[in-house]
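J.: one predicted model, sequence on top.
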Amino acid sequence: MEFGEAVEWVFAQLVAGRPLDEDAQHGERERALAKARKDLEECPVRDTRFNPEARHTTPAQTRELQRRDGYRCSTPGCPHHLYLEVHHIRYYSHGGETVPQNLTILCSACHRNVHEGRLRIEGTPGQVVFLDGQGRNLQRQWRLDVADWLDMWIGWTGGEFDCYRGRLAA
Ligand SMILES: [Zn+2]
């Protein structure tokens with residue numbers, strides 16, 4: 001038995017909550033493989049042919065956009081990776097097309113903030129800038145937060161400007 005098999009063996013027993021005999025383990029593995037194969041066959045080919053005129057993306061297109069954006073909200077510093085929605089950077093109602101370059105994944109909270117004016121997404125698709133309600137660049141705000149964190153926990157050795165925040169501001 002190789003090391004990988006031994007690890008699998010131990011985990012299989014842990015998950016099953018009982019010792020496994022070899023036949024049972026083999027059967028488990030075959031069933032899991034068959035299920036994975038079936039899932040793959042049923043999964044549609046990536047539908048990248050977007051219809052610019054369509055109001056909504058298809059489930060396959062939504063999955064593809066989520067994959068592109070890392071299965072998380074695109075707002076810098078937003079930690080959400082649940083309740084993800086597709087947002088038109090240039091609004092559909094303003095003539096924005098339903099094409100990947102004009103679409104971004106947002107969590108439902110950020111999506112609401114955009115449509116209520118507390119979050120602004122500007123720039124051309126592909127070079128998008130996120131701004132808060134006061135017009136501050138959120139990417140920069142997030143980097144300042146990281147710099148503060150580094151200053152706090154790693155500490156700075158220099159003077160007022162010789163620190164992570166100071167160097168970022170320079
Ligand atoms: Zn968000």
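T.: Received it, and whenever you're ready, just let me know what you need.
J.: switch to C-alpha atoms for all contacts and neighbour counts from now on
T.: OK.
J.: now the element after the lengthiest helix in the chain, going C-ward?
T.: Longest helix of the chain, by residue count under DSSP state H: helix 22-42. Going down the chain from helix 22-42, the next helix or strand is helix 59-68, by DSSP states H and E.
J.: list the helices and strands that next one packs on?
T.: Applying 3 or more C-alpha pairs under 8 Å, 6 or more residues apart in numbering; DSSP states H and E, one finds that helix 59-68 makes contact with strand 103-107.
J.: each with direction, which strands does the strand it packs on pair with?
T.: Sheet pairing of strand 103-107 (DSSP bridges) gives strand 84-88 (antiparallel).
J.: let me know whether the partner strand sits next to the ion.
T.: No - Strand 84-88 does not reach the ion (C-alpha under 5 Å from the ion); its nearest approach is 8.3 Å.
J.: hey, C-alpha coordinates of that strand in CSV?
T.: Provided in CSV are the C-alpha atoms of strand 84-88 (Å, rounded to 0.1, in the frame of the first residue of the first chain):
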residue,chain,number,x,y,z
LEU,A,84,-23.3,36.2,-5.5
GLU,A,85,-25.1,38.1,-8.3
VAL,A,86,-24.2,39.2,-11.8
HIS,A,87,-24.0,43.0,-12.2
HIS,A,88,-23.9,45.0,-15.4
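J.: measure stretch 97-111 end to end?
T.: The first and final residues of stretch 97-111 sit 18 Å from each other (C-alpha to C-alpha, to the nearest Å).
J.: give me the contact list for that stretch.
T.: 50-57, 65-66, 69, 72-75, 80-90, 92, 96, 119, 125-126 (C-alpha atoms under 8 Å, 6 or more residues apart in numbering).
J.: now it: buried residues?
T.: 97-100, 102-108, 110-111 (16 or more other C-alpha atoms under 10 Å).
J.: what helix or strand is the residue nearest the centre of the chain located in?
T.: In the chain, the centroid-proximal residue (C-alpha atoms, centre = their mean) is R72; its distance is 2.3 Å. Assigned by DSSP H and E, R72 belongs to neither a helix nor a strand.
J.: need the three-state assignment for the residue lying closest to it once chain neighbours are set aside.
T.: Once flanking residues are discounted, R72 sits nearest to H81: 4.1 Å by C-alpha to C-alpha, 6 or more residues apart in numbering. Three-state call for H81 (DSSP: H, G, I helix; E, B strand; the rest coil): coil.
J.: okay then, goodbye and thanks.
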